[in-house]
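Novice: When you get a sec, could you give me coordinates for this:
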Amino acid sequence: MGVLPASEPTWYVLMQAAIGLVQFAIGLAMLSGFRRAGVWGAFGRRER
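Specialist: Okay, here's the model as predicted:
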């Protein structure tokens, strides 16, 4: 139901899934930095 069989090798599908998870984690980190410091805030640097 709604899922096509993968025609690529298993290692390729797993590599794409891993890359997607890394991109998602980077996006969450960017969103966290944006919410903390704003658009022009220094990412990763904490205010004293």
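
Novice: Tell me, how many residues neighbour residue 37?
Specialist: For residue 37, the neighbour count with other Cβ atoms under 10 Å is 15. (Each C-beta comes from the backbone N, C-alpha and C, glycine too.)

Novice: what about stretch 9-18, average pLDDT?
Specialist: For stretch 9-18, mean pLDDT rounds to 92.

Novice: Run the chain-centre distance for that stretch.
Specialist: Counting by Cα atoms, centre = their mean, to the nearest Å, stretch 9-18 is centred 16 Å from the centre of its parent chain.

Novice: If you count neighbours, what's buried in it?
Specialist: Using 16 or more other Cβ atoms under 10 Å as the test for burial, stretch 9-18 gives no buried residues.

Novice: For residue 39, pull up the helix or strand it's in.
Specialist: Residue 39 belongs to no helix or strand when elements are defined using DSSP states H and E.

Novice: how deep is it tucked in, by neighbour count?
Specialist: Residues near residue 39, counting by other Cβ under 10 Å: 5.

Novice: what about residue 4, which SS state?
Specialist: Secondary structure, DSSP: H, G, I helix; E, B strand; the rest coil: residue 4 is coil.

Novice: Count the neighbours of it for me.
Specialist: Neighbours of residue 4 under the rule other Cβ under 10 Å: 5.
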